[in-house]
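Q: take a look and give me a structure for this.
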Amino acid sequence: MVWSHFDVAWAEGLSAARGWAAEHGHLLAPLDAAYQGAPVGIWLKNARVAARKAQEIEQRRAEGLPVESSAGAMTRERREQLEKIDPSWCPVWPVTWQHCFHLVSQHLDTGEALLTTAGEVVRQGEDLGRWVTSVRLGWDQLTGVQQWMREQILGIEPATEEEKPKPRTSQADKWAMHLAAAEQFFARKGHLTVPRKHVETITLGGDGQAQRDVPLRLGTWVDNQRRRAATLTPERVEQLSKIGMRWG
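A: The predicted structure is shown next:
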């Protein structure tokens with residue numbers, strides 16, 4: 001006698017998930033994962049949706065807020081069944097992130113050193129060195145729990161300021177810096193007849209930020225703006241004209 005098709009579907013999905021976890025060591029399956037023809041990845045995705053809905057309902061009740069419906073929410077019993085297989089099956093952060101954490105942890109458990117270079121080791125489709133690097137560079141974007149897990153369990157430390165890539169300067173920022181250099185030259189010389197090879201150094205920073213000197217090839221830049229006068233915006237033409245730009 002089949003009392004509930006929903007219960008049967010759950011039991012079948014749970015069995016497939018248990019089999020997949022036995023082979024891979026976790027329940028952080030990708031969406032297209034399957035076990036003996038059963039779509040484990042999709043089943044787990046739906047299970048996480050149900051588990052998170054149950055958590056939301058519990059949170060609303062704890063805050064004394066109304067709950068319209070609990071339909072589709074996972075029961076505590078079913079969540080415990082999945083947690084017995086893999087306690088980290090439903091992380092707060094993205095599953096792919098937790099998947100990489102698990103793979104790196106497995107790698108370290110075999111006695112191997114922590115990977116820091118992309119392309120050295122790829123497991124289950126994940127580049128472990130690339131992930132470690134991204135974690136170190138994106139440390140400030142991690143939650144406190146994630147930072148603790150990476151530091152205390154994997155031994156990953158945040159990247160130093162020297163290791164972080166320098167932010168790219170946008171075209172608008174480049175224009176603003178060169179305009180500031182042109183204004184500085186004009187204030188000192190009273191004109192904008194800049195020798196082609198002249199380099200003007202401006203100071204950036206201040207207001208609590210570290211100051212740094214930036215050398216700019218002002219002569220080349222002024223000459224280029226003169227040549228591109230037809231493509232400059234009226235606003236930029238006016239800015240340069242105010243400090244003595246000769247367009248002819």
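Q: pretty sure residue 107 sits against residue 129.
A: No - at 10.0 Å, residue 107 does not count as touching residue 129 under the criterion of Cβ atoms under 8 Å. Heads up, the C-betas are built off the backbone N, CA and C, glycines and all.
Q: where do the contact lists of these two overlap?
A: Residues touching both residue 107 and residue 129 (Cβ atoms under 8 Å, 6 or more residues apart in numbering): 115, 121.
Q: tell me which stretches of this protein form strands.
A: 122-123, 126-127, 200-206, 209-216 (DSSP state E).
Q: return the most buried member of those.
A: strand 126-127 (a mean of 18; mean count of other Cβ atoms under 10 Å).
Q: which residues are contacting that one?
A: For strand 126-127, with Cβ under 8 Å, 6+ apart as the criterion, the contacting residues are 96, 99-100, 103, 118-119, 121.
Q: stretch 103-112 now?
A: Stretch 103-112 has contacts (Cβ under 8 Å, 6+ apart) with 25, 114-115, 121, 123-124, 126, 128, 131-132, 153-155.
Q: what pLDDT does residue 187 get?
A: In this model, residue 187 is scored at 92, pLDDT.
Q: got the phi and psi for residue 233?
A: Dihedral pair for residue 233: phi -70, psi 150, per degrees, to the nearest 10.
Q: and it, how far from residue 175?
A: Per Cβ to Cβ, to the nearest Å, residue 233 is found 10 Å from residue 175.
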